[in-house]
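> quick one, fold the following:
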Amino acid sequence: MHLVIVESPTKAKTIGKFLGKDYQVESSFGHIRDLPKSKIGIDVENNFEPHYIIPLKAKKNVTALKKLAAKSDTVILATDEDREGEAIAWHLVQALGLNAKRIPDSNPSADGQIPKTERIVFHEITENAIKDALKNPREIDINLVNAQQARRILDRLVGYMLSPFLWRKVTRGLSAGRVQSVTVRLIVEKEEEIRKFKAEEYWTIVASLLKIKNQNKEIKNIEANLYKIGNETIGKMSIKNQEQAEKIKNFLENSEFKILSVEKKEVKKNPPPPFITSTLQQEGAKKLHYSSKQTMMFAQHLYEKGLITYMRTDSLNLSKDSLVAARALIKEKFGEKYLPENSQVYKTKSRLAQEAHEAIRPTDPFKVPEIINFEDEKEKKLYDLIWRRFIASQMPQAVFSATRVEIIAQNSLNLIPHTLVANGNILRFDGFLKVWPQKFEEKEIPELAENEKLNCEEIKTEQHFTEPPARYNEASLIKALENYDIGRPSTYAPTISVIQTRNYVQKNEQRRFQPTEIGEVVNKVLTENFPLIVDIQFTAHMEEDLDEIAEGKQEWTKVIKEFYGPFAKNLTEKYETVSKKETAPEEKTDEVCEKCGKPMVIKTGRFGKFLACTGFPDCKNTKSLGIQIKGEKKSFGPCSKCGAGEVVMKRTKKGKFFYGCNRYPDCDYASWTKPEESEKKDS
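This is a model prediction of the structure:
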């Protein structure tokens, strides 16, 4: 009997359908060994040796797998094809007492037998892929294991050594992380940009022109933007005030308009490449409003059910079989004109593309979304997105007819002529847009000839102000992490999730990230005292080191040693030199404790600032200060219940916002909706 071990029950069930009675497929239910939660679990004096344990929840399953392994001729480790999957396979070898080589061990176990152990990999859960993998087993790639171990150990050292520092110097319950802290820094710095931003005024000028037809009959409105004054190109900020705008408007209103040039050309728009992890998360956020965590969870389900290829990848490679199938589907469903001459091939930008060997795609293009019975509508929407993106990637370019018209305005007073530009854009062939729609504006320009005169209908001036930089949303934050080389595809979702769980950032009503007060405090402490930990370039360099460990070019203990020495020394020094009065100073207030009569001060806690009695610990009275996200209003008007207090935004113990009276407990008014929203509903 052959025992196949995978990570999840769903994956086990899917693979079990493809194998005969000689195979038994079981699940490890994820990781079966990990570092202990109660202590750091790293022997820093002994080459950073990790101390792994079998968590209590995994012990029963490990015992069962050991018994099954002892009865098996072969144990086949079929965990995912990435660093984490390789590490899980290695941990299974250690925990189950297996032989890592593909030959039986010379020393039998107490049961009298050590089965042959094989490692197989595949990037899609289909019958052909599984059977091909079984024909081509390999050994565990220890370089991938070491790269994963190094990441885990680095994160453990930072988290378990730096978090207690924050507890002592700021407040208890805080945490720091190698990647999460840099991500928080990006969000805080974006907020600082917004606060420093000063809006600048600028004006735009648009001429509404008319083509002249026979007998002076005017047809076709042409919108033209001011482009040049003389030889000087007019940029976005060139016209700074109304006085300048009115001067130009006056000139144009007293000018004759004539066609200077007409340029027509065909413009082709390329289809997008198939998804990789980062782009799937970005589009999941943009089009479906899923968090990166949700996107990856649903993608995991789709993969384990055999519907899509492996979802942790930065490779754009596509198998020949998938390309042949895609072309057959396109021809059948959309016709010959939507079939390009050759398959589209995309080049991977990532230097290593180490997470898998293919882009994310449906395992069978003919499994169109509408014929699959999905229990979860959100899974269906994500599958539809993946299916359409893959099919679109193999369809022809969209073709547009683009027209650019330059128009000269000359004044009878022989002043410097002004040049305007009108642009037209008409879709001629939708190509991939038939499957992957994108927003674009069609604008038709009538047939025009050089020196043809136009009539002026109206000159419009419009005032604008520059906008502050946009806060990150799920999509743009992932793109920033990818651009800066912070983390890897498999880390984006958990990183974004943890900084919200830790209450360092929150999403506002526009689904954009803003730092909380405590998030800003922690970021300030880390940037001032541990600049390397939150340094973007340093974090990216660490990722390169981890990549080189995966390639066998660096030794993992050397990488950790080079990091740990300076980090530990700096941490020791900061314990001595940094004072809590500096990092989280108390602020005096005019408030008096209603319970004991002593003054109250503003302190910093895990959920931001709050009022606390100076009589602590004899008096433990505290009060909420309301919302912690800067830039939002703290007060939402007078309390409709008591009339004396004000409604403020508060937070439950689980971090959920609600609206309540600031005179609580004297007034118990509370609502899940904003007061103004409640009033609208009542009216």
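
> and the top helix by length along the chain, what does it pack onto?
Ordering each helix of the chain by length in residues (DSSP state H) puts helix 142-169 first. Judged by 3 or more CB pairs under 8 Å, 6 or more residues apart in numbering; DSSP states H and E, helix 142-169 is in contact with strand 42-43, strand 49-50, helix 83-96, helix 517-529, helix 536-550, helix 556-577, helix 580-583. C-beta here means a position set from N, CA and C on the backbone, and glycine is covered the same way.

> and the gap between the most centrally placed residue in the chain and Asn241?
In the chain, the residue lying closest to the centroid (CA atoms, centre = their mean) is Ile478, at 3.0 Å. Going from Ile478 to Asn241 by CB to CB, to the nearest Å gives 40 Å.

> Ala612 contacts Met600, doesn't it?
Yes - the pair Ala612 / Met600 is scored as a contact, 6.4 Å apart, by CB atoms under 8 Å.

> the residue nearest to the centre of the chain against Ser292, yeah?
Yes - with contact defined as CB under 8 Å, Ile478 reaches Ser292; the gap is 6.2 Å.

> can you list residues touching both of those two?
Gln281, Ala285, Tyr492, Ile496 (CB atoms under 8 Å, 6 or more residues apart in numbering).

> tell me where the model's unsure across the stretch 501-650 of the chain.
Residues of the stretch 501-650 of the chain that meet the criterion pLDDT under 70 lie in 626-635.

> any stretches of the stretch 351-500 of the chain with poor pLDDT?
351-356.

> now the helices for it?
377-393, 474-483, 489-501 (DSSP state H, counting those that start in this stretch).

> what's the closest of those to Leu174?
Distance to Leu174, taken as CB to CB, is lowest for helix 489-501 among the helices of the stretch 351-500 of the chain, at 11.9 Å.

> packing partners of that closest one?
Helix 489-501 packs on helix 180-196, helix 277-288, helix 292-304, helix 474-483, strand 505-507, going by 3+ CB pairs under 8 Å, 6+ apart.

> give me the angle between the second one and helix 377-393.
For helix 277-288 against helix 377-393, the angle between stretch directions is 120 degrees (axes from the mean of the first three to the mean of the last three CA atoms, to 10 degrees).

> dump helix 277-288 to CSV, keeping only the CA atoms.
Provided in CSV are the C-alpha atoms of helix 277-288 (Å, rounded to 0.1, in the frame of the first residue of the first chain):
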residue,chain,number,x,y,z
THR,A,277,-0.3,35.9,-6.9
SER,A,278,0.2,39.6,-6.6
THR,A,279,-2.0,40.6,-9.6
LEU,A,280,-4.7,38.1,-8.6
GLN,A,281,-4.8,39.8,-5.2
GLN,A,282,-4.9,43.3,-6.8
GLU,A,283,-7.7,42.4,-9.2
GLY,A,284,-9.6,40.6,-6.4
ALA,A,285,-9.5,43.8,-4.5
LYS,A,286,-10.4,46.1,-7.4
LYS,A,287,-13.1,44.1,-9.1
LEU,A,288,-14.5,41.9,-6.3
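
> any chance of the shared contacts of Ile478 and Ser292 in a markdown table with distance to Asn529 and neighbour count as columns?
Formatted as a markdown table, those follow (distance: CB to CB, whole Å; neighbours: other CB atoms under 10 Å):
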| residue | distance to Asn529 | neighbour count |
| --- | --- | --- |
| Gln281 | 32 | 31 |
| Ala285 | 33 | 22 |
| Tyr492 | 27 | 27 |
| Ile496 | 25 | 25 |
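
> state the pair within those that is farthest apart.
Maximum distance among these (CB to CB): 11.0 Å, for Ala285 and Tyr492.

> anything in contact with each of those two?
By CB under 8 Å, 6+ apart, the residues touching both Ala285 and Tyr492 are Ser292, Ile478.

> buried residues in the strand or helix carrying Trp203?
Trp203 belongs to strand 201-212 when assigned by DSSP states H and E. Using 16 or more other CB atoms under 10 Å as the test for burial, strand 201-212 gives Tyr202, Trp203, Thr204, Ile205, Val206, Ala207, Leu209, Leu210, Lys211.

> show me which of these is closest to Cys667.
Closest to Cys667, out of all of those and judged by CB to CB, is Tyr202, at 48.4 Å.

> hmm, back to that, relative to Arg488, which of the buried residues of strand 201-212 is nearest.
Tyr202 (41.2 Å).

> state the pLDDT value of that closest one.
With respect to pLDDT, Tyr202 scores 96.

> please give me every residue in contact with the closest residue to it other than its chain neighbours.
Residue nearest to Tyr202 in three dimensions, not counting chain neighbours: Met237, with 4.9 Å by CB to CB, 6 or more residues apart in numbering. Neighbouring residues of Met237 by CB under 8 Å, 6+ apart: Glu200, Tyr202, Thr466.

> next one: the last one from Glu45, what distance?
Right, the one you point to is Thr466. With CB to CB as the criterion, Thr466 and Glu45 are 56 Å apart.

> tell me which of these two has more neighbours.
Using other CB atoms under 10 Å as the criterion, Thr466 and Glu45 rank with Thr466 on top: 12 against 7.

> would you mark the buried spots in the helix or strand where Thr604 lies?
Per DSSP H and E, Thr604 falls inside strand 599-605. By 16+ other CB under 10 Å, the buried positions in strand 599-605 come out as Met600, Val601, Ile602, Lys603, Thr604, Gly605.

> of all those residues, which comes closest to Pro365?
Nearest to Pro365 among the buried residues of strand 599-605, with distances taken as CB to CB, is Gly605, at 53.5 Å.

> could you find the closest non-adjacent residue to Ala285?
Glu474 (3.5 Å).

> is it true that the one you found touches Arg512?
No - between Glu474 and Arg512 there is no contact under CB under 8 Å: 9.1 Å.

> who's more crowded, the two?
Between Glu474 and Arg512, Glu474 has the larger neighbour count (other CB under 10 Å), namely 26 against 18.

> the more buried one: what's it in contact with?
Gln281, Gln282, Gly284, Ala285, Tyr290, Ser291, Ser292, Ile496, Arg511.

> one more pass at 10 Å, please.
Residues in contact with Glu474 (CB atoms under 10 Å, 6 or more residues apart in numbering) are 281-282, 284-286, 289-295, 492-493, 496, 507, 511-513.

> are any of those residues buried, and which?
Buried, going by 16+ other CB under 10 Å: 281-282, 284-285, 290-295, 492-493, 496, 512-513, out of the contacts of Glu474.

> hang on, the earlier thing: for the longest helix of the chain, the distance to its chain's centre please.
Centroid separation for helix 142-169 versus its chain: 22 Å, with CA atoms, centre = their mean, to the nearest Å.

> now the helices and strands packed on helix 489-501 in CSV, with distance to Pro365?
As requested, those are exported to CSV (distance: least, CB to CB, whole Å):
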stretch, distance to Pro365
helix 180-196, 36
helix 277-288, 17
helix 292-304, 14
helix 474-483, 26
strand 505-507, 35
